[in-house]
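*Asks:* quick one: sequence plus predicted model below, questions after.
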Amino acid sequence: MGAALLSLSVTSCGEESASGTSTASSSVAATSSAPVTPAAAPCSKPPALPSSVPTFSAAPDKADAAGKTFVATVHTTCGDIVLELDGAKAPQTVASFRQLAEKAYWKDSPCHRLTTDGIYVLQCGDPTGSGSGNPGYGYGIENAPADGAYPAGSLAMARTQDPNSNGGQFFVVYEDSTIDPSTGGYSIFGHVTKGMDILAKIAKAGVSGGGADGPPAQPISILSVAVTEKKA
């Protein structure tokens, strides 16, 4: 990542993060009649980092995803996280995500960053685990919120200060966050439909070694990603 505290970014050869403050989400105390959400299952041991990482010469044609909706199932060492991808609002981002999933770009890659103070995200998508990896190409920002609001469950791209450095790293928001939009913001290209309990578990464990920004204390790695088009 190579970014300052609470800046959702990566180094110049990768992708970035963000900065800002968060808006606390309200909560309602559970009553005896309220349904109980099952606790996330225990995490398995993360695999070793991949010995080689594929790279690509260019981003795929955004027409591959334009106007379409996709469902992505991210199989992780802590359970499945299911995402809905919005190709109408972010066609280039979704086309890229789909291609990287199909090419097993994220196989055995760790989620390398958790932020817990001001913005609340888990950042993944770098097979090197360093925060500076990228798939060999970059592209511009799509569908960044003008007001800087990233609701819990949002799925967005990480990048460097270069607005055209979106690539393979992405983040999921586990608690309502506000990120300063003055730098251009971050491409929201979908949302979580299943697995928020897993994100809550990772967030609750905090950052490895303490602090508010760094590797999650509870390791979580992506094993594989499957993407299918959602039919009307």
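*Replies:* All right, it came through fine.
*Asks:* low-confidence ranges in the protein?
*Replies:* The chain contains residues with pLDDT under 70 at 1-39.
*Asks:* give me the spatial nearest neighbour of Lys45, chain neighbours excluded.
*Replies:* Nearest non-adjacent residue to Lys45, counting by Cβ to Cβ, 6 or more residues apart in numbering: Thr77, 7.1 Å away. Just so you know, the C-beta spots here come from the backbone N, C-alpha and C atoms, and that holds for glycine as well.
*Asks:* quick check: phi and psi at that neighbour.
*Replies:* Thr77 has phi and psi values of phi -70, psi -10 when expressed as degrees, to the nearest 10.
*Asks:* okay but Lys230 is in contact with Val71, surely?
*Replies:* Yes - with contact defined as Cβ atoms under 8 Å, Lys230 counts as touching Val71 (5.2 Å).
*Asks:* tell me which of those two has more neighbours.
*Replies:* Val71 (16 against 11; other Cβ atoms under 10 Å).
*Asks:* from Ala101, how far off is the residue nearest to Lys45?
*Replies:* 17 Å (Cβ to Cβ, to the nearest Å).
*Asks:* ok, Val207 next?
*Replies:* With distances taken as Cβ to Cβ, Val207 is found 27 Å from Ala101.
*Asks:* neighbour count winner among these two?
*Replies:* Per other Cβ under 10 Å, whichever of Val207 and Ala101 has more neighbours is Ala101, with 21 against 18.
*Asks:* what about that one, which helix or strand?
*Replies:* helix 91-102 (DSSP states H and E).
*Asks:* can I get that helix in PDB? Just the C-alpha atoms.
*Replies:* The C-alpha trace of helix 91-102 is given here as PDB (Å, rounded to 0.1, in the frame of the first residue of the first chain):
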ATOM      1  CA  PRO A  91     -18.100  -1.100 -16.600                       C
ATOM      2  CA  GLN A  92     -14.300  -0.900 -16.900                       C
ATOM      3  CA  THR A  93     -13.800  -1.800 -13.200                       C
ATOM      4  CA  VAL A  94     -16.300  -4.800 -13.400                       C
ATOM      5  CA  ALA A  95     -14.800  -6.000 -16.700                       C
ATOM      6  CA  SER A  96     -11.300  -6.000 -15.100                       C
ATOM      7  CA  PHE A  97     -12.500  -7.700 -11.900                       C
ATOM      8  CA  ARG A  98     -14.200 -10.400 -14.000                       C
ATOM      9  CA  GLN A  99     -11.000 -11.000 -16.100                       C
ATOM     10  CA  LEU A 100      -8.700 -11.200 -13.000                       C
ATOM     11  CA  ALA A 101     -11.100 -13.600 -11.400                       C
ATOM     12  CA  GLU A 102     -11.200 -15.900 -14.500                       C
END
